[in-house]
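Asker: Below is the structure, and that's it, no one-letter string:
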Ligand SMILES: [Zn+2]
């Protein structure tokens, strides 16, 4: 009997339970990241292994792949990078956390997901324009009651307006006043992020094995 006793090793999977469902991309348990808030389908959880974020029910790899193909074309996709600096700085104010978002991808999560259909990520390139815009709006979200007010106005994101009319008026004014200072901060921050491969938006290309 005694020779069968080993030092117990608890795999991370052992943490899977009702509160920690498995990650659709890698199977490790998901942990709470952001509580339920207006404009989102539910609380946001994240995988501490591959970095995938899930809004509401995490679902399956099939659903995550379907979402990936909805934003991309099956061969290439541009993702808002949940592993990027802007997601880390912004948390609940991260500009890519839009109404209707279900999955928040990272390069590693995409690599794991497309492996299910024998694809590999051939290249991952930072998208400067979209990346700076995401960083910029993430900074602006720190000043406003609502979220994504400026990019929403520009038709580049789905805004979550503040509840009260006076808050919405103030948000519009704040977005104008803070726009340039926020841009002056966003450009160097996003450049540093990209240098550390932590850019806000990344274009990925897939290839069949
Ligand atoms: Zn994962």
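Answerer: Thanks, I have the structure now. Model, not experiment: these values are computed from the prediction.

Asker: dump the residue contacts of residue 46.
Answerer: By C-beta atoms under 8 Å, 6 or more residues apart in numbering, the residues touching residue 46 are 30-31, 33, 52-54, 82, 104. For glycine as for every other residue, the C-beta is placed from the backbone atoms N, C-alpha and C.

Asker: And the residues you listed, which of them are buried?
Answerer: Among the contacts of residue 46, those classed as buried by 16 or more other C-beta atoms under 10 Å are 30, 33, 52-54, 82, 104.

Asker: and the ion, which of these reach it?
Answerer: With C-beta under 5 Å from the ion as the criterion, the subset of the buried ones among the contacts of residue 46 in contact with the ion comprises residue 52.

Asker: Need the buried ones among the contacts of residue 46 in CSV (columns: pLDDT).
Answerer: Formatted as CSV, the entries for those read as follows, by pLDDT from 0 to 100:
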residue, pLDDT
30, 97
33, 95
52, 98
53, 98
54, 97
82, 98
104, 98
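
Asker: Switch the buried ones among the contacts of residue 46 over to JSON lines; also include secondary structure.
Answerer: Shown next, in JSON lines, are the buried ones among the contacts of residue 46 (DSSP: H, G, I helix; E, B strand; the rest coil):
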{"residue": "30", "secondary structure": "strand"}
{"residue": "33", "secondary structure": "strand"}
{"residue": "52", "secondary structure": "coil"}
{"residue": "53", "secondary structure": "strand"}
{"residue": "54", "secondary structure": "strand"}
{"residue": "82", "secondary structure": "coil"}
{"residue": "104", "secondary structure": "strand"}
